[in-house]
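Visitor: For reference, the sequence and a predicted model appear below.
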Amino acid sequence: MNSVTEYLTLKTRKKIEFVNITPTVAKIVSASGVREGLCLVNAMHITASVFINDEEPGLKKDFQEWLEQLAPYALEHYQHNLTGEDNAHAHLKRQVMGREVVIAVTKGRLDFGPWEQIFYGEFDGQRPKRVLVKVVGE
């Protein structure tokens, strides 16, 4: 069994942003030499997410608006912010969007359904954060 681990560092321009990381992950899978296996991609920060969905600008805007309704940015609204932080909303958004994804690797490629892409979701950005990509298999 082979195993390859790589770390991506992302620094978004906005506080909240969705970045399509599919091409980067696909290159890592290709370079790994794994023909049949799994690829784990996870955000290594508690205010960021990795998820799979469609690359469509309207959908990304819908996610952002929906998440803001669920967990609005409001300093006085959250107990966590009493610690001096201002990112309680980002922690909650991460919980909704998830920490990681696992994608099958078939014949040396990510085995997606139609329209599926991998996204890094940033909810408290504008500083460097890491994403783990681990490919395992034969």
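Guide: That came through, no problem.

Visitor: in the chain, which spans are strands?
Guide: In the chain, the strands defined using DSSP state E lie at 2-10, 17-20, 36-43, 48-54, 100-106, 109-110, 116-122, 129-137.

Visitor: The last one - what's its average pLDDT?
Guide: Read that as strand 129-137. Here strand 129-137 scores 98 as its mean pLDDT.

Visitor: repeat for the first one
Guide: Along strand 2-10, the predicted local confidence has a mean pLDDT of 97.

Visitor: Please spell out which residues along it are buried.
Guide: Under the neighbour-count criterion of 16 or more other Cβ atoms under 10 Å, strand 2-10 has 4, 8, 10 buried. (C-beta placed from N, C-alpha, C; glycine too.)

Visitor: just checking, what packs against the lengthiest helix in the chain?
Guide: Longest helix of the chain, by residue count under DSSP state H: helix 57-70. With contacts defined as 3 or more Cβ pairs under 8 Å, 6 or more residues apart in numbering; DSSP states H and E, helix 57-70 has these neighbours: strand 17-20, helix 88-97.

Visitor: could I get those as TSV with distance to residue 78?
Guide: Below are these laid out as TSV (distance: least, Cβ to Cβ, whole Å):
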stretch	distance to residue 78
strand 17-20	21
helix 88-97	3
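
Visitor: Of all those, which one is nearest residue 56?
Guide: Residue 56 sits nearest to strand 17-20 of all those, at 10.6 Å, using Cβ to Cβ.
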